[in-house]
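Colleague: Model the following, please.
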Amino acid sequence: MDEFTITDETPMRVKSSDNWALRRADVAFIIDCTRTMDTTLTVVLNTIEDVVAIYEKANVKIRLGLTEFRDCQY
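Modeller: Okay, here's the model as predicted:
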């Protein structure tokens, strides 16, 4: 069993002052990286960093995934 496997015997504990009972999470981001998003990509990337920081502050172990879609180039 890996650290992300949860069974009926897995203890639930509050890990932060925000009363989270979350211990670990899989988080996936899907980002539009096409030219129309050029002006907002920096904000999107900063927001992802903020989300990760929230999980870290709450001592939640996370696995991150990222899917990007882009303009086709022929």
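Colleague: May I see the buried residues of stretch 61-74?
Modeller: Using 16 or more other CB atoms under 10 Å as the test for burial, stretch 61-74 gives Ile62. Any C-beta I mention is one placed from the backbone N, CA and C, and that applies to glycine too.
Colleague: How about stretch 26-39?
Modeller: Of the residues in stretch 26-39, none is buried (16+ other CB under 10 Å).
Colleague: What is the distance between it and the centre of its chain?
Modeller: A distance of 14 Å separates the centroid of the chain from that of stretch 26-39, by CA atoms, centre = their mean, to the nearest Å.
Colleague: Report the separation between the closest residue to Thr34 other than its chain neighbours and Leu41.
Modeller: Distances taken as CB to CB, 6 or more residues apart in numbering put Asp71 closest to Thr34, at 4.8 Å, once the chain neighbours are dropped. Asp71 sits 13 Å away from Leu41, going by CB to CB, to the nearest Å.
Colleague: Next one: the residue nearest to Thr34 from Val44, what distance?
Modeller: For Asp71, the distance to Val44 - CB to CB - is 16 Å.
Colleague: Identify the bridge partners of the residue nearest the centre of the chain.
Modeller: With distances taken as CA atoms, centre = their mean, Val27 lies nearest the centre of the chain, 3.5 Å away. Note on Val27: beta-bridge partners by DSSP bridges are Leu64.
Colleague: Am I right that it is in contact with Val60?
Modeller: No. Contact criterion CB atoms under 8 Å: Val27 and Val60 do not qualify, at 9.4 Å.
Colleague: and the residue nearest to the centre of the chain, what does it touch?
Modeller: By CB atoms under 8 Å, 6 or more residues apart in numbering, the contact list for Val27 reads 51-52, 55, 62-65.
Colleague: Return the member of those nearest to Cys33.
Modeller: Gly65 (15.2 Å; CB to CB).
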